[in-house]
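Enquirer: predicted model follows, preceded by the sequence.
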Amino acid sequence: MTEHHVVNGDKALVDRELEPLHRRVACALERYLEDHDAKECKDLYALVLREVERPMLECVMTHVAGNQSRAADVLGLNRGTLRKKLKTHGLLED
């Protein structure tokens with residue numbers, strides 16, 4: 001079960017039995033940087049967004065049983081932006 005906690009003034013998604021999402025992301029990024037020469041890393045910001053956005057959209061769409069309006073609310077996006085992102089990632093059924 002997940003819940004929200006306030007961390008540094010922001011709400012953080014927390015699994016009661018696991019560490020907060022931001023800590024898991026930080027650990028994954030630290031491992032990534034250790035495994036790759038940090039001097040050779042380019043555009044890390046764009047890479048992380050590309051790697052995270054699709055699975056996030058997939059998980060949320062599954063969670064809301066495909067309801068785009070609900071998914072947009074969960075993600076904090078307007079429905080048009082959500083549809084654009086779903087289309088970009090090949091997740092929008094035409």
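Expert: Received, thanks.
Enquirer: which SSE is immediately downstream of the longest helix seen in the chain?
Expert: In the chain, assigned by DSSP state H, the helix with the most residues is helix 44-63. Using DSSP states H and E, the helix or strand that follows helix 44-63 in sequence is helix 68-75.
Enquirer: now do that next one, average pLDDT.
Expert: In this model, helix 68-75 carries a mean pLDDT of 97.
Enquirer: what's the angle between it and helix 44-63?
Expert: 130 degrees (axes from the mean of the first three to the mean of the last three C-alpha atoms, to 10 degrees).
Enquirer: packing partners for the helix or strand just after helix 68-75?
Expert: Next along the chain after helix 68-75, taking DSSP H and E as the criterion, comes helix 79-88. If contacts are counted by 3 or more C-beta pairs under 8 Å, 6 or more residues apart in numbering; DSSP states H and E, helix 79-88 sits against helix 44-63, helix 68-75. In this view, the C-beta of every residue, glycine as well, is placed from N, C-alpha and C.
Enquirer: most distant residue from the middle of this structure?
Expert: Using C-alpha atoms, centre = their mean, the residue of the chain lying farthest from its centre is K39. It sits 25.7 Å away.
Enquirer: check the gap between that one and E30 for me.
Expert: Taking C-beta to C-beta, to the nearest Å as the measure, K39 falls 16 Å from E30.
Enquirer: repeat that for L91.
Expert: L91 is 29 Å from E30, by C-beta to C-beta.
Enquirer: since that was my last question, I'll sign off now.
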